[in-house]
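Visitor: Just a sequence and a predicted model for now, questions to come.
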Amino acid sequence: MLLTGFISLIANRPAASFLTVFICIALEFGMWLLIHKGQIRYIWREENKFRAAQKAAAEEKARRQREAAERERQERERQRAERHAAEQKRLRIRSEHERQFYEILGQQYGLRIASIVANGYTVYDIKGMIQCDVPENKRNYYAFSIDDDDWDWYKDERKPAYVTNSRRIQRIETQLTASGLVPERRVKAAATDTDAPCLAQFVHQDSVCADPLFKMYGGPVSLGSSIPAKAMDAFISRRCEELDTLASCRLSYFYNEYKSIRSGILGERAVQDVLDMHKGAFYVLNGLRIQLAGTDGRPASTVETDSLVLAPYGIFAIEIKNYAASGQYGLKITADGNWYKVFQRTVGEGGQVVTTEEPMSNPFAQNDRHVAYLEQVVNDILGRDMVHRAHIKNIIVLANDNVRIDCDPGAKQTVTRAGNLYNHLTQETKPLYTMEELDKLRGALAAMDIGEGAYPINDYTEELREAVSAYQQLLRLAKSTKTAIMQCFADHPEFSDLR
């Protein structure tokens, strides 16, 4: 071949240029193309035909797939429309069956619940169970709210009655007994037996304030799984829960009031026992309450003290506090006179003790105002001037031994326990007052005493009775509904689709 000859020429003539070699190769390739031109054209045509066939086959396959998918979509739409139409027809039939069912319940069995089922759970006024008009966004709320401060449907309190502390306990006991939620034997035991737990302790012992209606009367019976039964079951259960929450809220108010009053009475009794043991050493005026005339345009005011001790060596105004009688927290008094409740709790597997402090009102500062007014009254009675002024010492007595006390000496506030009170009263031995002065003070102050003060207490007796009555009605409604629904299904098998 020509290419072979040129290669030999180049081999024999090394000096031949690269251009000469390239020209030879090009000529050889051109001659090859001229010789095989027909074959190359044939191969090219066949390749184009094959590619066109492949493209047409792919397009046909895609078209068939699109058509199949469209047919499937249309079939699904048709089936969905058929199912929807069947469901709508079934619902219409069931709705008509429900209407007929409730109509038969009312006509044949005396159970008229159609309107209740139609309306579902709505907000009601407890008194009379009259439906209330409330904002749309509050429809799912109870008829009252305890935790929601910005919308409290049942928050409007009735005008409270004002009674003395000695009568407040009796008033609470009467209301609890009359409400029908606390057994009378429990109230009487707490009121007459000093060793019996007070009513407030029942809250901790058996959680009487939690679900009181449910605990006393039980819950509504289950109505079953049928459509009418489920609708009424939801309504009755929600309504019972609503009434129970209301009763729990009102009982908690009574118990908290009872606990606070009884704790104060027990504290005063403990201090009084100590003072009675040393009654020959001083005069004691308990629960002294004096009305002071207003001056300089100020209104009249009242000052009072738990116990005022008149002794030859001093006059003492005693404020009695029964903080943390069960030891649930301690007290901390800082050098600047601030008071804190100190709580300790154990956390973690290692039993680490964590201490938290909560600010509280300063009873020393509260009593100090009363002491200032009493001091002025005492000096007016004795006729003393600024030089010989009589001073009253402010003493805070903690009436139990369970509360922990951490008092900074810099606070300069006299805080003691009942058992150590007499030591505080007898620290001074130098006489400051004659017996004539003490007798004069006792007589004058006793004459000025206006007696016990009256404090507000809310009366929820009727409200609780209404809640009890409504709850009992709901329980009876649940039983009668269950019986009527079961009997109606038994007598009318055509309503089987409602089961």
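Guide: On my side now, so go ahead. Numbers count the residues shown, from 1 in each chain.
Visitor: from here on, contacts and neighbour counts on C-alpha atoms
Guide: Fine.
Visitor: Longest helix in the protein, please.
Guide: Counting residues, the longest helix found in the chain (DSSP state H) is helix 37-109.
Visitor: domain assignment for the protein?
Guide: According to automatic domain parsing, the chain comprises the domains 2-96, 279-454.
Visitor: out of the ones you listed, which comes closest to residue 109?
Guide: Evaluated with CA to CA, the domains of the chain place domain 2-96 nearest to residue 109, the distance being 18.8 Å.
Visitor: Show the average pLDDT along the closest one.
Guide: Averaging pLDDT along domain 2-96 yields 78.
Visitor: Contacts for stretch 371-384, please.
Guide: 303, 317, 385, 389-394, 437, 440-441, 444 (CA atoms under 8 Å, 6 or more residues apart in numbering).
Visitor: What about residue 409, how many residues nearby?
Guide: By the criterion of other CA atoms under 10 Å, residue 409 has 11 neighbours.
Visitor: Going by neighbour count, which residues in stretch 52-60 are buried?
Guide: The neighbour-count check on stretch 52-60 (16 or more other CA atoms under 10 Å) flags nothing as buried.
Visitor: you'd agree residue 498 is up against residue 229?
Guide: No - Residue 498 is beyond contact range of residue 229, at 9.5 Å (criterion: CA atoms under 8 Å).
Visitor: between the two, which one's more packed in?
Guide: residue 229 (21 against 17).
Visitor: how about the strands in this protein?
Guide: For the chain, the strands defined by DSSP state E occupy 124-125, 130-131, 161-164, 283-292, 301-311, 314-321, 330-333, 339-347, 352-360, 392-398, 404-407, 414-417, 454-457.
Visitor: Please render these as JSON lines that adds mean neighbour count and mean pLDDT to the earlier fields.
Guide: Shown next, in JSON lines, are the strands of the chain (neighbours: other CA atoms under 10 Å; pLDDT from 0 to 100):
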{"stretch": "strand 124-125", "mean neighbour count": "16", "mean pLDDT": "50"}
{"stretch": "strand 130-131", "mean neighbour count": "11", "mean pLDDT": "43"}
{"stretch": "strand 161-164", "mean neighbour count": "14", "mean pLDDT": "85"}
{"stretch": "strand 283-292", "mean neighbour count": "18", "mean pLDDT": "90"}
{"stretch": "strand 301-311", "mean neighbour count": "19", "mean pLDDT": "90"}
{"stretch": "strand 314-321", "mean neighbour count": "22", "mean pLDDT": "94"}
{"stretch": "strand 330-333", "mean neighbour count": "20", "mean pLDDT": "92"}
{"stretch": "strand 339-347", "mean neighbour count": "16", "mean pLDDT": "88"}
{"stretch": "strand 352-360", "mean neighbour count": "11", "mean pLDDT": "89"}
{"stretch": "strand 392-398", "mean neighbour count": "22", "mean pLDDT": "93"}
{"stretch": "strand 404-407", "mean neighbour count": "16", "mean pLDDT": "89"}
{"stretch": "strand 414-417", "mean neighbour count": "18", "mean pLDDT": "87"}
{"stretch": "strand 454-457", "mean neighbour count": "14", "mean pLDDT": "84"}
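Visitor: Identify whichever of those lies nearest to residue 26.
Guide: That would be strand 339-347 among the strands of the chain, by CA to CA, at 94.5 Å.
Visitor: How far does the closest one sit from its chain's centre?
Guide: 22 Å (CA atoms, centre = their mean, to the nearest Å).
Visitor: what does it contact?
Guide: Counting by CA under 8 Å, 6+ apart, 328-333, 352-362 sit against strand 339-347.
Visitor: Brilliant, that's me finished.
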